[in-house]
Structure formats: C-alpha cells, structure tokens
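Asks: Sequence and predicted structure, then a few things I'm wondering about:
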Amino acid sequence: EIFLQTPVLHEEAALALGATRWEMVKMAVFPFGRSGIVSASMLGLGRALGETMAVAMVLSVANVVSFKLFTAQNPGTIPANIALTFPEAYGTNINVLIATGLILFVVTFAVNALARWIVSRRKEFSGAN
C-alpha cells in the first residue's frame, strides 16, 4: 500500500526523463516507500519479539541456549522462557527472569532506535520535516 501512495508526478517525471519502468521504480517508488518498508519490518519484528504466549505454545521448550536457527531442536525464546518459568520461580530465579526481561527490553529498544534512525535519515536526505 505504501508503494501505491507514491505521487504519480514522481513516477511520470522519471519516465519522462527517459527512465525504464524498473529505473522509475528504483529511483521514485522505492525511496518514497523506504520509511514504510522499515516501519512495517520493525512492526513485524516487534510483534515477533513480544508474542510471548503464542511462542510458548507453538515452540517446544528446551533448556538449551543455541544460535543454530535451522535445526530440528527448537530452543525456547526469551519471552517463552519468562512466561513458562515465572510461576514456579523463587528467590534468585526471579532475579534472573527479571534480568532476561530487561535484556528483551534493551533488544526491543535497540530495534526501535535503529528503525527511527533509518526513517530520520530518509527525511534528512529528502528535505522533508
């Protein structure tokens, strides 16, 4: 939908200057829709990071920390770990779960900061406020 909101005059101007259809898309449509692409990607990533119960119900829970994403054994995610082990946690384990929640918050904050930086960089180059 963001590509459809590209001003028709931008597309026509690129074509009038002799650009092919692909060059017009590359020079007029993609730059106009970059902030929408980044926003949609970050929204999807934020939802994926925050879907605690859905991830806990779908993925198998394993007490393994692994960075191998394409294996048959699916390790639990941070939100699933917090959701599944918090009811039985006591003492130091509560502190560990709160610390993992803080790590999840920092990762989410970093993703949002990166998205804002990309969108603001586009505004600087286009001259928009």
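Replies: Perfect, thanks for sending it.

Asks: immediately after the helix or strand bottoming out on mean pLDDT in the chain, which helix or strand?
Replies: The helix or strand of the chain with the lowest confidence, counting by mean pLDDT, DSSP states H and E, is helix 52-58 at a mean of 56. Going down the chain from helix 52-58, the next helix or strand is helix 78-85, by DSSP states H and E.

Asks: Would you mark the buried spots in that following helix?
Replies: Buried positions in helix 78-85, judged by neighbour count with 16 or more other C-beta atoms under 10 Å: Ile78, Pro79, Ala80, Asn81, Ile82, Ala83, Leu84, Thr85. From N, CA and C alone the C-beta is placed, and that goes for glycine too.

Asks: Determine the angle, from 0 to 180 degrees, between the helix or strand hosting Ala40 and helix 78-85.
Replies: Using DSSP H and E, Ala40 maps to helix 30-50. Helix 30-50 and helix 78-85 are oriented at 20 degrees to each other (axes from the mean of the first three to the mean of the last three C-alpha atoms, to 10 degrees).

Asks: CA-only coordinates of helix 30-50, as PDB, when you get a sec.
Replies: Taking C-alpha atoms only, helix 30-50 is exported to PDB below (Å, rounded to 0.1, in the frame of the first residue of the first chain):
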ATOM      1  CA  PHE A  30      11.400   2.700  -3.500                       C
ATOM      2  CA  PRO A  31      12.900   5.900  -2.000                       C
ATOM      3  CA  PHE A  32       9.400   7.200  -1.300                       C
ATOM      4  CA  GLY A  33       8.300   3.900   0.400                       C
ATOM      5  CA  ARG A  34      11.500   3.200   2.300                       C
ATOM      6  CA  SER A  35      10.200   4.600   5.600                       C
ATOM      7  CA  GLY A  36       7.000   2.400   5.200                       C
ATOM      8  CA  ILE A  37       9.100  -0.600   4.500                       C
ATOM      9  CA  VAL A  38      11.300   0.000   7.500                       C
ATOM     10  CA  SER A  39       8.200   0.700   9.700                       C
ATOM     11  CA  ALA A  40       6.400  -2.500   8.600                       C
ATOM     12  CA  SER A  41       9.600  -4.600   9.100                       C
ATOM     13  CA  MET A  42      10.100  -3.200  12.600                       C
ATOM     14  CA  LEU A  43       6.500  -3.600  13.500                       C
ATOM     15  CA  GLY A  44       6.700  -7.200  12.400                       C
ATOM     16  CA  LEU A  45       9.900  -7.700  14.400                       C
ATOM     17  CA  GLY A  46       8.500  -6.100  17.400                       C
ATOM     18  CA  ARG A  47       5.400  -8.300  17.300                       C
ATOM     19  CA  ALA A  48       7.700 -11.400  16.900                       C
ATOM     20  CA  LEU A  49       9.700 -10.300  19.900                       C
ATOM     21  CA  GLY A  50       6.700  -9.700  22.000                       C
END
